[in-house]
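K.L.:
sequence first, then the predicted structure, then my questions.
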Amino acid sequence: MSGAPPWWRDPLGCWRRHRLQRALARRAIPEPLWQQTMLRLPFIAVRPPQDLQRLRTLCSLFLDRKQFSGAGGLEITDEIALAIAMQACLPVLGLGLAAYDGFVGIVVHPDGVIVTRQHLSDDGVVHEYEETLAGEAVAGGPLMLSWRDVQAAGAGDGARPEPYSVVIHEFAHVLDMGDGQADGVPPLPGGAAARARWQATLERCWRQFCRAVDEGRDTLLDPYAAEAPEEFFAVASEAFFVCPQALREASPSLYRLLAGYYRQDPAPP
């Protein structure tokens, strides 16, 4: 006899399946809203049907598990929540939503948020400066996003979108911090050896990128990626999902590294 075992043989599995089905029904995404959101995110709309089917399932579960709140007078609508969920779930198509279990809250502002930072100089003097944030991820959450920047994902002429998605960027940081550290090395199967291989490749690609920025050459990735390996990982993740073919052409080794981690190969053959 095939199929799931009788409930009395697997009561925990039966409970989990029932809970999953209830969540999917509770957060079912209306077809018009799904299609409308995909039209605004063409780098997602081009994914194969099987990816989109799984993405839709993950989005429903994501919306059921996370708590959205608006700031600065912004009201969270279904359109806002789905636009964020769709981009947030894309990186975990092959990893699963458990990678996001470490936080619940997502705070959305109408625009960038101005924050005051402090910097300790080499001579021991503390300097304050202001910075405008499009998004921010901190361990344990909440995760902050600017709705204005969320809407700018993949902007461009269509054929050559800008490698930009603040949602993917911040959720890449969430994945990176899955082992407790924000260092550009997300949790990897394979232990210390896998971590060492990852670090060697990422470091090499990052240093090559930093040299290109220092020399004033045009780069696919935003120069901000030169700040640190963790920012390089997050910015490269944006390009991997928004314009994968361009990233593969610009840095095949970086593309392969990310494809192995995310368990996806989004660039066309």
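P.N.:
Structure's in. What do you need?
K.L.:
starting at the chain centroid, how far to stretch 25-45?
P.N.:
Here the centre of stretch 25-45 is set off from its chain's centre by 17 Å, with C-alpha atoms, centre = their mean, to the nearest Å.
K.L.:
return the alpha-carbon coordinates of that stretch using CSV.
P.N.:
Extracted C-alpha coordinates of stretch 25-45, given in CSV (Å, rounded to 0.1, in the frame of the first residue of the first chain):
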residue,chain,number,x,y,z
ALA,A,25,-5.6,27.6,3.4
ARG,A,26,-5.4,30.5,5.9
ARG,A,27,-2.8,32.4,3.8
ALA,A,28,-4.0,31.4,0.3
ILE,A,29,-2.8,34.0,-2.2
PRO,A,30,-5.5,35.2,-4.7
GLU,A,31,-4.5,34.6,-8.3
PRO,A,32,-4.9,38.3,-9.4
LEU,A,33,-2.6,39.5,-6.6
TRP,A,34,0.0,36.8,-7.4
GLN,A,35,0.0,37.7,-11.1
GLN,A,36,0.1,41.4,-10.4
THR,A,37,3.1,41.1,-8.0
MET,A,38,5.0,38.9,-10.5
LEU,A,39,4.5,41.6,-13.2
ARG,A,40,6.3,44.0,-10.9
LEU,A,41,9.1,41.5,-10.3
PRO,A,42,10.1,40.2,-13.8
PHE,A,43,13.2,38.5,-12.5
ILE,A,44,10.9,36.2,-10.6
ALA,A,45,8.2,35.9,-13.3
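K.L.:
pull out the buried positions in it.
P.N.:
27, 29, 34, 37-38, 41, 43-44 (16 or more other C-beta atoms under 10 Å). All C-beta atoms are positioned from the backbone trio N, CA, C, and that covers glycine.
K.L.:
run through who's touching that stretch.
P.N.:
The contact list for stretch 25-45 (C-beta atoms under 8 Å, 6 or more residues apart in numbering) reads 52, 55-56, 59-61, 63-64, 78-79, 82-83, 86-87, 90, 151, 153-154, 158, 161, 241-243.
K.L.:
good, wrapping up.
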